[in-house]
Structure formats: C-alpha cells, structure tokens
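>>> Give me a 3D structure for the following:
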Amino acid sequence: MHSLYWRIFLAFWVALALILVGTVTVAVNATAHRTDRPWVQRGQLYAQAARAFESGGPQALRRWLQALPAEPLGRTFVVEPAGRELLGRPLPPSLSGSRDAPAAPGGVVPAGTSAGAIAPVGGALVLVAAGGGTYHVVIGPVRDSPRLFGELELPGVPLTVLAIALGVSAAVCFFLARYLASPVDRLRLATRRMAGGDLDVRVLPALKGRQDDLGLLAADLDTMAERLRLQLEAKQHLLRDVSHELRSPLARLQLALSLARREDGAVERHLARIEREAERLEALIARTLKLVRLERPVHALEQASVDVGELLRTIAADVAIEADAQGCLVQVQAQGPLLVSGDPELLRSAFENVIRNAVRYSPADALVGITAHRLAGEGHEGDLAEVVIRDEGPGVPEQELGLIFEPFYRVDAARGHGGAGGEGLGLAIAARAVA
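Numbering: from 1, shown residues only. Model prediction:
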C-alpha cells in the first residue's frame, strides 16, 4: 500500500484534530462571553425590582414581574411575607434552603419561611414594605440540571460546532479527493492517447515523482508504453527487413526467367538457378515465420522434456559433412542426461544455427568444441543447463555484440564471407528460442 494508506489515515486524523480545535475554541469563547453575564443580568433584575417596589410597592413589583420576558421570568421569583410566590408559582427545589423538608401541596414554600430558608445562587434581594413585611426577590440559575457537555449545550453552540465539522471535513475531503483524482485523470488521459496510437505519452514526470501506489501505477504504465513502442518499432523494422530480403531472391528469379526465355539452349541451367532461388526464398519465409512464432508468450509454445546432450550429438552428426568440407572437427562433451523443459524444434534450431555458424567461419584444421553441463549452486533451478560452443573463427567486433541478435543484422565479415553469409535470422531465432 506504500504511502497512500498513511496519507489517507493522516488526512482523517487531521480533520478530527481541526474539528476538535474548532470545538474547543467555540466552547472557550462561549465561556468567556458568559463569565459575568449571569451576574450582570441578576444585578440588573435586582435593580429593576427595587425601583419598581420603591415606586409602587407590592403591586408595582407584581406588574414588573409579569412584564418580564419569558426567559428571565422563568427563573425570577418573588416570595411574599406569607411564604407564597407573588404570582402563585411553585418555588423550584433548587431555591429552597432545606432540601430534605417536605414541600407543601403544589410545591409552594410553607408560610413563615424565613429568609435563611431561601438559598438562591448568589443570594436574594430582600425588600421591606412600610408595614414591616419582607419580599424576597430570588433569581435562579440559567439551568438547574447539570450539563452533560458543558458549554457545548448553550444555544447556538451545537450549530456552530456542526458547521465547523462540516466545513473542515468538506475541505479535507476536497483536497484528498483532488490528491487522488488528479493522477487518476492523468492516467485516464494517457491511456486514451495510447489507445489512439501515441506511445510516446508519459505520466510519471507530470506526477512530480510520486512514490505512492498511484506513482507506481504511473511508472508501470510508462514502462508498458515504452515496451509497446519498442515492440511496434521492432515489428516495423522487421517488415522493412523482410521486404528487403525478399526483394533480392525475387529479382534473381525474374532475371533467371528472362534469361531462360532468351537463351533456348540454357534452359536447364536457368531452371536449376530458379529452383535454388525458390528454395532460398522458401527457407527465408520459413525462418521469418519461426521468428514470428517466437515472439509469442512463452506459455503459448510447446513444452516437452528435451535431453540437451543427445540433441547436441544429433546436430553434430548432421553438420559433420559441412565440417569435413571445411576441414574442421566438431566435438561434443555432455555430462550424462541433461533434461530440460522447452520446445524441441526451437531448441534444435537455436543450437544448430550457432554450431553451423561456428563451422562455417572456422579455419581449416580447427576444432569446434561443444560442452554441456548442469548448472548448480544458489539461485539456479535443477532444470537449467549451460551449453558452451567454442570455435577459432574471426569472432564478432565488440561494438556489434549487442546487435547480432537482431533480425536480419549481419556483420561486415559475414556479408563478405564468400557468399556464405545467411539472412541474419539464425542468431535472432537462437536468442529467442532460449530466452
């Protein structure tokens, strides 16, 4: 998974951290704004109650209480000298000084309750009438029950926190989706261009060297495009070479036919030449088809058990006539049965091409040595064998060693070797047969 998993994981926790920071910030701000608000509001209410009581006594205090908004009215109570609430409402238990004392029916404080029995948060405002009666103005807390989430349950705070969570998650998801979708779009456009025949397209440079899973995918796509381009160029080059190689025997055939028509007494000689050219053309086509066959995947080829030692001895016996004519000797040394898995015909063609080349370019009284043995040691499987063919020929220039296995490629020495040079397919077939 490389780093893509960790980047998604990190993005998830970054979003959570930002949401947490935003939530704490909102809670702290809400607490800071509410630090003195309840006390200020309580002092304002006490001042208003005192002014109302001074202006009109208990009746004015009742009118003031009834005119309060719903929120402060719900937690503002005035207890008469008789112990009842001025508007007839039950006094909340949180404002009662004795939590264990039984409450009167209806939840009212019994008559004769003293000022000390009323215990509101922050104390009560005691107003004394002209006749000596006392009126206790008590203001309860904003909320009686404890808050599960503290300041987060204040009005407006949950919606703010929800907005922060949605904004942060949307931003993180946007950048994460852009981070993931951008290379995918580039890959999609690259595959479209490749499907249209543009095999020079590359994706990895545009991703600025990303090393995550998408970067590896881009690298694999670039490698595939490069291989396809090389294969397409190789096939085009092969077609050009085949066309060029077929043109020579066809031209000689046409020349022989023309001469046969003109010279009545040399028909047999020209027919023999036509036959040789036809055989050479047939051999060239057969080798080309074999080369094309080797371009198929390995699993599509025939697989059988082949004894390499026996195969080499058979080939040596077949080329013995050519070796005698050349004045050289072919010697095979194989250590016991060397069974390998492969296509018998292709393996025979591979070894025969190399051995015949060794015989063809060896000087007189030379030895062509062939040794075969089983590969052993770490990193080698039990069905691998190594075949070494040594000759005393002129060899191949070092700068051309990497080219002699290309189809239709021939070194200059082969081109001028008394007409013995082939079409340049033998080593190409051999290399692909043992690949």
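>>> Going by C-alpha atoms from here, please, whenever you check contacts or count neighbours.
Noted.
>>> Over to the nearest residue to residue 204 once chain neighbours are set aside: give its phi and psi.
The shortest distance from residue 204 to any non-neighbouring residue, by CA to CA, 6 or more residues apart in numbering, is to residue 218 (5.3 Å). Backbone torsions for residue 218, taken as degrees, to the nearest 10, come to phi -60, psi -40.
>>> so residue 218 makes contact with residue 203?
Yes. Assessed by CA atoms under 8 Å, residue 218 is found in contact with residue 203 at 5.7 Å.
>>> How much space separates the residue nearest to residue 204 from residue 189?
Using CA to CA, to the nearest Å, we find residue 218 at a distance of 12 Å from residue 189.
>>> Looking at the two, which is more packed in?
A direct count of neighbours by other CA atoms under 10 Å for residue 218 and residue 189 places residue 218 higher, at 26 against 14.
>>> What pLDDT does the model give the more buried one?
Turning to residue 218, the model gives it a pLDDT of 85.
>>> Who are the contact partners of it?
Residue 218 is in contact with 187, 203-204, counting by CA atoms under 8 Å, 6 or more residues apart in numbering.
>>> swap in residue 308?
Residue 308 neighbours (CA under 8 Å, 6+ apart): 337-340, 372, 385.
>>> let's see it at 7 Å
By CA atoms under 7 Å, 6 or more residues apart in numbering, the contact set of residue 308 is 338-339.
>>> what's the domain layout of the protein?
Listed domain ranges for the chain are 2-34+154-179, 37-139, 199-295, 299-433 (source: automatic domain parsing).
>>> distance between the shortest one and the chain's centre?
Taking CA atoms, centre = their mean, to the nearest Å, the mean C-alpha location of domain 2-34+154-179 is offset from the chain mean by 27 Å.
>>> now stretch 253-269
69 Å.
>>> tell me the mean pLDDT over that stretch?
75.
>>> Helix, strand, or coil at the residue nearest to residue 127 when sequence neighbours are not counted?
With CA to CA, 6+ apart as the criterion, residue 127 has its nearest non-adjacent residue at 4.9 Å, and that residue is residue 135. Under DSSP: H, G, I helix; E, B strand; the rest coil, the three-state class of residue 135 is strand.
>>> Which residue ranges of the stretch 51-200 of the chain form strands?
76-79, 125-128, 134-139 (DSSP state E, counting those that start in this stretch).
>>> Now distance to residue 27, mean pLDDT and mean neighbour count too, for those strands, in JSON lines please.
Compiled in JSON lines, the strands of the stretch 51-200 of the chain are given as follows (distance: least, CA to CA, whole Å; pLDDT from 0 to 100; neighbours: other CA atoms under 10 Å):
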{"stretch": "strand 76-79", "distance to residue 27": "27", "mean pLDDT": "88", "mean neighbour count": "24"}
{"stretch": "strand 125-128", "distance to residue 27": "32", "mean pLDDT": "86", "mean neighbour count": "18"}
{"stretch": "strand 134-139", "distance to residue 27": "25", "mean pLDDT": "87", "mean neighbour count": "23"}
